[in-house]
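S.K.: After the sequence you'll find the predicted model.
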Amino acid sequence: MLLFGWGMGAAYAAMPALIARSVATEELGSSVSFNQVLRTIGSSFGTAVAAAIIAANSTSDLHASGAGITKTFALGALLCLAVCVALLINTIRGGLRRTKG
């Protein structure tokens, strides 16, 4: 959990700098704000989905089961993999555009 917290903190801290490099100066404030809104919505949605999966796979005494927790982590891992693939494709396409242009 400590490493996860450091990773999330580093990602949240680095995002405004990455946004600043990619947008026009006059759009910086709204871009960083939009990032914050999407991050909040994503966190809320992710929490609700995780809770629904764990609740659907709870034990008879309404405690979380190992299967529910495993399914929740598996969904998170699949989503992380999908984002990594999308970022890799975007990076490759961006590199190809620069070499053609």
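M.R.: Noted; the coordinates are in hand.
S.K.: Going by C-alpha atoms from here, please, whenever you check contacts or count neighbours.
M.R.: Fine.
S.K.: Tell me where this structure has helices.
M.R.: For the chain, the helices defined by DSSP state H cover 2-22, 28-56, 66-100.
S.K.: for residue 57, what are its contacts?
M.R.: 64-65, 67-68 (CA atoms under 8 Å, 6 or more residues apart in numbering).
S.K.: In terms of pLDDT, where does it sit?
M.R.: With respect to pLDDT, residue 57 scores 94.
S.K.: how close does it get to residue 21?
M.R.: The gap separating residue 57 from residue 21 is 44 Å, by CA to CA, to the nearest Å.
S.K.: just residue 54 next, same as before
M.R.: 39 Å.
S.K.: if you count what's nearby, which of these two comes out ahead?
M.R.: Taking other CA atoms under 10 Å, residue 54 and residue 21 do not tie; residue 54 has more neighbours (22 against 10).
S.K.: So the more buried one is in contact with residue 64, correct?
M.R.: Yes - between residue 54 and residue 64 there is a contact under CA atoms under 8 Å: 6.0 Å.
S.K.: any shared contact partners between the two?
M.R.: With CA under 8 Å, 6+ apart, residue 54 and residue 64 have no common neighbours.
S.K.: Let's see if you can find the most crowded of the contacts of residue 57.
M.R.: Going by other CA under 10 Å, residue 68 tops those with 20 neighbours.
S.K.: hang on, it packs against residue 54?
M.R.: Yes - under the criterion of CA under 8 Å, residue 68 makes contact with residue 54 at 4.5 Å.
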